[in-house]
Structure formats: structure tokens, C-alpha cells
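Asker: Give me the fold of what follows.
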Amino acid sequence: VQLQASGGGLVQAGGSLILSCTASELTFEDDIIGWFRQAPGTEREGVAIISVGDESARYAGSVKSRFTISSDKAKKTVYLQMNGLLPEDTAVYSCASTDFARFSLGMGDDWGQGTLVTVSS
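Answerer: Alright, predicted model coming up:
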């Protein structure tokens, strides 16, 4: 099982992007899905996480109030709406099934290929 991330690209600082994470092989409604990012030379960090069943979510402090995570059960897709992008948001963004404890450690399962987000100043 792999979760497929898409939607990355090049955007100017202050701009917006929507990333999609498709989890077609998961049950989905019982799953917890996290968005993670990794910039060159840095550790992978959890950005946002959602429990699909009750839609409870949590965010890293650096993106809170700028990013919004949501899910579409019918499409088995988790979205990451990113507003007010900053150059320091530049990274490869990936999604994975995880839990709230492992998310804080940058850990998860079912990793697929990530999508590159580049924010120019």
C-alpha cells in the first residue's frame, strides 16, 4: 500500500497551493493520515495530521493558521491547503498513514513518492 502525494510546484512567497494525498488501498475511515516534509539536509518533520473518522487535526507550530488539512471520504483523499507560503516551506512533501505519537517523530507507513514544493522569495 502506498499513499500518492501530488500538487506540488513553484509558487511565489505569499502564494497558495493545494496538495492531495490519495489512499485508495486503505480502509480510510479508520485511518490517521499525516503530511510530512523534508528539506535538503534536514530531518523529516510532521506538518499536519488528521484522523479521518472524526476529522480531528493537529498542526506543526510553524504552519498553524497557514495550512489546513481536510479529507474527502468518498475520494479517499486527504488535502493540504497551504496559504501564505514562505521560502522556508520549500521541501518535498509526502503523506503517510501514522498516529499522533509517531507523527511528532516524523514517522509513518505506506510512504509513496512525495511532491516538491518550491517557494521563491
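Asker: Now do the strands in the protein.
Answerer: With DSSP state E as the definition, the chain shows strands at residue ranges 4-6, 9-12, 17-22, 32-38, 45-51, 56-59, 67-72, 77-82, 91-97, 115-120.
Asker: need the ones you listed in JSON lines with mean pLDDT, can you?
Answerer: Shown next, in JSON lines, are those (pLDDT from 0 to 100):
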{"stretch": "strand 4-6", "mean pLDDT": "95"}
{"stretch": "strand 9-12", "mean pLDDT": "98"}
{"stretch": "strand 17-22", "mean pLDDT": "97"}
{"stretch": "strand 32-38", "mean pLDDT": "97"}
{"stretch": "strand 45-51", "mean pLDDT": "97"}
{"stretch": "strand 56-59", "mean pLDDT": "96"}
{"stretch": "strand 67-72", "mean pLDDT": "97"}
{"stretch": "strand 77-82", "mean pLDDT": "97"}
{"stretch": "strand 91-97", "mean pLDDT": "97"}
{"stretch": "strand 115-120", "mean pLDDT": "98"}
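Asker: For residue 105, which of those strands is the nearest?
Answerer: strand 45-51 (7.8 Å; CB to CB). Backbone N, C-alpha and C define where each C-beta goes, glycine included.
Asker: Report the beta-bridge partners for the nearest residue to residue 108 once chain neighbours are set aside.
Answerer: By the measure of CB to CB, 6 or more residues apart in numbering, the closest residue to residue 108 outside its immediate chain neighbours is residue 96, 2.9 Å from it. With DSSP bridges as the criterion, residue 96 is bridged to residue 34.
Asker: Based on its surroundings, how many neighbours for residue 96?
Answerer: Residues lying near residue 96 (other CB atoms under 10 Å) number 27.
Asker: What separation do you get for it and residue 66?
Answerer: 21 Å (CB to CB, to the nearest Å).
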